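Trainee: Next comes the sequence, and after it the predicted model I'd like to discuss.
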Amino acid sequence: INCGAIPDNLIESELFGHERGAFTDAKEARHGVIAQAEGGTLFLDEVDALSTKAQVTLLRFLQDRQYRPLGSNRMRTADTRIVAATNANLQYQVEQGRFRADLMFRLNILSLHLPPLRERSGDVALLAQYFVDLLSARYRRPTTRIDVAMLAWLESQAWPGNVRELESAIHRKLLMAEPGDVITFDGALLESSADEAARSSDWHFRTGKQQIICEFERSALSKALRQQGGNVTRAAKQVGKERRAFGKLLKKHNIVVESYRRP
């Protein structure tokens with residue numbers, strides 16, 4: 001389940017279930033996902049989004065393997081393996097008081113770190129072609145391929161939004177291409193959007209200049225944060241900006257600093 005997609009007032013019911021009459025509209029008893037996953041595995045995505053109260057109840061279950069459905073006066077047990085995932089730096093979240101340290105340690109018995117896409121350039125081509133095939137099937141278009149120049153450009157990007165950003169870029173490019181055409185670098189995505197606009201009749205120099213500046217800023221900010229392990233002060237110094245001005249640029253480009261911090 002995606003913890004970030006469930007309202008705080010429903011997360012405990014979703015995890016542990018409830019009895020009839022436990023709350024308004026609880027017209028019948030319902031098993032939670034922990035009971036449903038009995039003897040198997042429950043995957044909790046975006047576990048950092050759990051409220052403080054939900055973190056406490058989850059910690060109690062992980063410690064004792066016991067839980068109490070909402071509205072029940074009886075403890076129950078479940079043999080359920082918990083696998084949790086997050087794209088946030090939990091240590092940083094703990095330091096900020098947003099996540100319980102004891103829950104982090106309990107979840108961190110075995111940790112698997114999936115590097116960001118910028119550190120897995122070899123995966124970019126495979127993922128890009130996968131999305132081309134997937135989206136071609138969705139739109140019932142002839143399958144096609146990506147040319148070498150386009151792949152080289154894709155692999156050179158930082159992709160701060162990781163796989164979702166890559167998918168969005170491929171989606172846009174596929175919709176712009178003629179059905180069955182090889183996907184080329186010409187007129188593609190971020191860098192070539194200025195070239196494409198320049199060829200149109202309503203091209204304005206100022207618009208193209210702003211696009212190029214925005215892409216340069218975003219690339220420079222991402223590179224500095226990556227090289228400095230997410231340290232904003234050092235990254236700002238690297239690009240020759242005051243920390244406050246650097247912070248404004250991060251906000252302008254919606255760059256999430258935590259995604260660059262090393263665990």
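Mentor: On my side now, so go ahead.
Trainee: from here on, contacts and neighbour counts on C-alpha atoms
Mentor: Noted.
Trainee: How is F43 assigned, secondary-structure-wise?
Mentor: strand (DSSP: H, G, I helix; E, B strand; the rest coil).
Trainee: Quick one, grab the pLDDT at the residue nearest to it when sequence neighbours are not counted.
Mentor: Nearest non-adjacent residue to F43, counting by C-alpha to C-alpha, 6 or more residues apart in numbering: V83, 4.8 Å away. Note for V83: predicted pLDDT of 96.
Trainee: How about the contacts made by V83?
Mentor: V83 sits next to 41-44 when contact means C-alpha atoms under 8 Å, 6 or more residues apart in numbering.
Trainee: Kindly report the same for A137.
Mentor: So A137 contacts T143 (C-alpha under 8 Å, 6+ apart).
Trainee: circling back to that earlier point, mark which of the contacts of V83 are buried, thanks.
Mentor: Buried by 16 or more other C-alpha atoms under 10 Å: 42-44, out of the contacts of V83.
Trainee: how much space between G97 and F61?
Mentor: Per C-alpha to C-alpha, to the nearest Å, G97 is found 21 Å from F61.
Trainee: Tell me if I'm right that D133 and T143 touch.
Mentor: Yes. Contact criterion C-alpha atoms under 8 Å: D133 and T143 qualify, at 6.0 Å.
Trainee: do you know how far the spatially most central residue of the chain is from R261?
Mentor: The chain has N87 as the residue nearest its centroid, 5.8 Å off, counting by C-alpha atoms, centre = their mean. Going from N87 to R261 by C-alpha to C-alpha gives 11 Å.
Trainee: For H31, the count of nearby residues, please.
Mentor: As a burial measure, H31 scores 15 neighbours (other C-alpha atoms under 10 Å).
Trainee: Ramachandran coordinates for it?
Mentor: Main-chain dihedrals, H31, degrees, to the nearest 10: phi -80, psi 140.
Trainee: I figured it hits E12, correct?
Mentor: No. Contact criterion C-alpha under 8 Å: H31 and E12 do not qualify, at 11.3 Å.
Trainee: Mind listing the shared neighbours of these two?
Mentor: Contacts common to H31 and E12, judged by C-alpha under 8 Å, 6+ apart, are absent.
Trainee: So which residues of the stretch 1-150 of the chain form strands?
Mentor: For the stretch 1-150 of the chain, the strands defined by DSSP state E, counting those that start in this stretch occupy 41-44, 66-67, 76-77, 81-84.
Trainee: May I see those strands arranged in a markdown table, with distance to I109 as well?
Mentor: Below are those laid out as a markdown table (distance: least, C-alpha to C-alpha, whole Å):
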| stretch | distance to I109 |
| --- | --- |
| strand 41-44 | 15 |
| strand 66-67 | 19 |
| strand 76-77 | 21 |
| strand 81-84 | 10 |
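Trainee: ok, so what distance separates D79 from S156?
Mentor: 46 Å.
Trainee: meant to ask about Q238, not that
Mentor: Distance, Q238 to S156, using C-alpha to C-alpha: 21 Å.
Trainee: Tell me which of these two has more neighbours.
Mentor: Per other C-alpha under 10 Å, whichever of Q238 and S156 has more neighbours is Q238, with 16 against 12.
Trainee: For the more buried one, give me its contacts.
Mentor: Q238 makes contact with A224, according to C-alpha under 8 Å, 6+ apart.
Trainee: Need the per-residue pLDDT for H204.
Mentor: At H204, pLDDT is 47.
Trainee: Then the one 4 residues further on?
Mentor: G208 carries a pLDDT value of 53.
Trainee: repeat for G187
Mentor: pLDDT at G187 comes out at 45.
Trainee: is it true that H253 touches S219?
Mentor: No. Contact status for H253 versus S219: not in contact, 10.1 Å apart, counting by C-alpha under 8 Å.
Trainee: which stretches of the stretch 1-150 of the chain form helices?
Mentor: Using DSSP state H, counting those that start in this stretch, the helices of the stretch 1-150 of the chain run over 8-16, 33-36, 52-64, 90-95, 101-107, 121-138, 148-156.
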